[in-house]
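# Next one to model:
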Amino acid sequence: MLPIEKLGLSANQWKFLLASQQYVDAKREGRPLVPECTRRQFRTALDILARLNGSNGQKAHRGVLLADDVGLGKTTVAAVVAWVVASAGEKRGVRILAPNDVMMRRWVEELHSHVGPLQECAPALNVQPNRIKAGRIGRLAAGSIQVVKHSYAASKFNLACDLLIVDEAHRAKGEGTAFSKALKQQKKHARRVLILTATPFSIRLDELQRMLTLIGGESAHAPVGAFSRALDNLYSGNTARRPEDVAERLAKKAKAAVEALGEFVIRHGIDDLPREQKWFGIREDWNIKVPPATAQELELMMRMDRVLRVVRADGSESSKATNDPRFHVGWRHFDTEIQGLRSKVSRIAEPEKAVVEGQIKAMSALRKKVGVHSKMAAVTKAVKVTTERGEKVVLFCHHIATAQELTIRLASVLPKARPGRHPSKFVWRQAWDEVLARDTGEAELRDTFIEWLCADLIRAQTWSWLDTKPLSAGKLAATLRRVGARHQQGSETIAVAAQRLYDGLLESKSSKAVMREAARRPELLPGANGAAQVLGVCEPSENELEKSLFIHNQQPDTVISVFNSPFGPDVLVVTDRMSEGIDLHRYCRHMIHYELDPSPIRTVQRNGRRRRVNSWAAVTRQPICYAYPAFPGTRDQRLVQIMKKRIDSFSLLLGGVQDFEVEEVVDKQEEWRNQVIKGAKVQLETEGRRLRAKR
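This is a model prediction of the structure:
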């Protein structure tokens, strides 16, 4: 490993971090900055630079782990640090490892967004946009910032640099992962390491030790390990002990761990920042009542469990799960299993064959009587009511089959958006042609975008927001420039929102490619094909009549941009592919965890898509609504109950909660754990605040 040496920075080169308001005033493009948030982000960047450089009385550190909550702007903090390191003094090289193409593009956008303000507020740095190098590795020139994917860490190329920034680093926690192994090899080539993750301590705290090793934090291993063992003891130890004694021990270990981590870890929680609360929006539970499972629904699941056990015993399908969680949240996978059993029954030996045939016949008859899944019916009803109030909703699923079924069900329930007869589509084209700037983008792309704005769904939406009903192109254009999007005072006007969306699509290479192709295939743009208010972001259904309800390209940038505008589908059904590193908060404050992953990390990441600076909740001064609908009487109910309790204790235990299988959890044991956590709460809830950035 390279020796620790100073980075050659001086206070004069980062003094702009002490004048955050000047920086806020210098940000003239894009969304305005929030002074309170920028002040905290700059204070964090200042602390990171001081630790890495060995300034302000601190010894030089090998690295720092920034573990701020999702939505607090870790990318912004790290981008500022990158620019200072790359541009100050000897102009050192910076490499950034992002998890995927989408996040890589977000990093490039973030770095570019600081060029103008830094040129004005920190001219000595001489920040230039051509120093940003994205998507390829190679020799790192002095003063350049290279952005590549995690996969490059595993390449044979030496990622030598003065600062290595690892984004979403929780993916490197597992000791056996390829990324973790690669970082172990690459860390010796980086003089400094900055790790970013909102969930650094889950699922097991001993995983944090591996990240501490990357940043030279071995001295914290012992206390973190002791706290890790205390948590293991909480989740797998003897539950006959007095909860008070276990709580006292847990709190003591937590305090020691936090004290040791303070040298290497910086962490802020949204709920611990009262001055910034209004810019994120408050949280509120969205209670969606789901009726208990009927006797017929329970019988269906029991019969499927029975037949799969018989098949497993016969050896025909030894790997099949008999109590698949998908059976408890929808029927699509259930129906697929029945079809699969029909195709295999001829290969099953007697007497098992007779049992399987009998069960298939009984399940098929019963399935016709059951109809729509009770949970799916209740959730789609709640979504319909919410969208009728002019709100957008995003629903998260864990399995593709569930996401497909939910998308199709929502499309059958939500009313189709139909534009009125007046004004005509021709008038709309004229109005948008007048409103949309002509000096940006290619003429063909502009025409494609205007055609999308004139699609049935988009016209119907836009028409519903207008306070008057102009019939001429000129008056319609004037109204678009005057009226706020989605009936909200204080929000951007419809014209500004459309221009912002168009400019954003042009800034993304993948979105530009989608728009070029959309000139002949309009269905590639969300909302252009038909009048459905729902879009499924998962593998499309094989049914030709249903394919229009699903995304038709592999790049999610376009969907994300459209959903973050007032236009397009009001309902997004997604899998956990979109649970990490993206924004879905600009015009949406409702989210439903329709199907849960057993890991609390995934749920925390999902929630972070919504609670972010300048969210729709903050703009409208209404709460962010999270729903965890449960199917009473099934394993789904137990999973939701346990997950909600563990999410409530996530920050309290520094993220040290384990994932679980419902069958392994006993209610009395979980209740005992809740008593322990409650007993430790008074001592633990203030501990995390000690990890804030030093002033």
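# next SSE after the worst-scoring helix or strand of the chain on mean pLDDT?
Ranked by mean pLDDT, DSSP states H and E, the weakest helix or strand in the chain is helix 178-186, scoring a mean of 68. Later in the chain than helix 178-186, the nearest helix or strand by DSSP states H and E is strand 193-196.
# Pull out the buried positions in that next one.
The neighbour-count check on strand 193-196 (16 or more other C-beta atoms under 10 Å) flags 193, 194, 195, 196 as buried. The C-beta positions use only the backbone N, C-alpha and C, and glycine is treated the same way.
# from those residues, which is closest to residue 409?
Distance to residue 409, by C-beta to C-beta, is smallest for residue 196 among these, at 37.7 Å.
# need the contact list for the closest one.
66, 74, 75, 78, 165, 166, 167, 168, 169 (C-beta atoms under 8 Å, 6 or more residues apart in numbering).
# Most neighbours among those residues, which one?
residue 166 (30 neighbours; other C-beta atoms under 10 Å).
# So what pairs up with it in the strands?
Here residue 166 shows beta-bridge partners residue 97, residue 195, assigned using DSSP bridges.
# Quick check: residue 400 touching residue 540?
No: counting by C-beta atoms under 8 Å, residue 400 does not reach residue 540; the two are 9.9 Å apart.
# Low-confidence stretches in the stretch 451-600 of the chain?
Where the stretch 451-600 of the chain drops to pLDDT under 70, the residues are 489-490, 552-555, 579-581.
# Try it again at 90.
467-469, 471, 484-492, 504-514, 517-533, 537-560, 564, 575-586, 596-600 (pLDDT under 90).
# just so I have it, where are all the strands in it?
All strands of the stretch 451-600 of the chain, identified by DSSP state E, counting those that start in this stretch, fall at 534-537, 571-574, 588-593.
# Could you pull up the residues touching the closest residue to residue 355 other than its chain neighbours?
Among residues not flanking residue 355 along the chain, residue 310 sits closest, at 5.2 Å (C-beta to C-beta, 6 or more residues apart in numbering). When contacts are counted by C-beta under 8 Å, 6+ apart, residue 310 touches 352, 355, 356, 359.
# Go again with 6 Å.
352, 355, 356 (C-beta atoms under 6 Å, 6 or more residues apart in numbering).
# Equivalent analysis for residue 15, please.
For residue 15, the contact set (C-beta under 6 Å, 6+ apart) is empty.
# Give me the three-state assignment for it.
Under DSSP: H, G, I helix; E, B strand; the rest coil, residue 15 falls in the helix class.
# What are the buried residues along the host helix or strand of residue 228?
Here residue 228 is covered by helix 221-236, with elements defined by DSSP H and E. Of the residues in helix 221-236, those buried by neighbour count under the rule 16+ other C-beta under 10 Å are 221, 223, 224, 225, 226, 227, 228, 230, 231, 233, 234, 235.
# And the pLDDT for the last one?
It refers to residue 235. For residue 235, the model assigns a pLDDT of 81.
# do the same with the second one
Here, the pLDDT recorded for residue 223 equals 90.
# Any figure for the gap between it and residue 261?
The gap separating residue 223 from residue 261 is 8 Å, by C-beta to C-beta, to the nearest Å.
# Identify the contacts common to these two.
Residues touching both residue 223 and residue 261 (C-beta under 6 Å, 6+ apart): none.
# Am I right that residue 402 is in contact with residue 330?
Yes: with contact defined as C-beta atoms under 6 Å, residue 402 counts as touching residue 330 (5.0 Å).
# what is in contact with those two at once?
By C-beta under 6 Å, 6+ apart, no residue touches both residue 402 and residue 330.
# domains in this structure, as residue ranges please.
Segmentation of the chain into domains, based on automatic domain parsing, reads 11-199, 295-371.
# what's the spacing between the longest one and its chain's center?
Which is domain 11-199. Taking C-alpha atoms, centre = their mean, to the nearest Å, one finds the center of domain 11-199 at 20 Å from the center of the full chain.
# ok so, going back, surely the residue nearest to residue 355 is in a strand?
No: applying three-state DSSP, one finds residue 310 to be helix, outside a strand.
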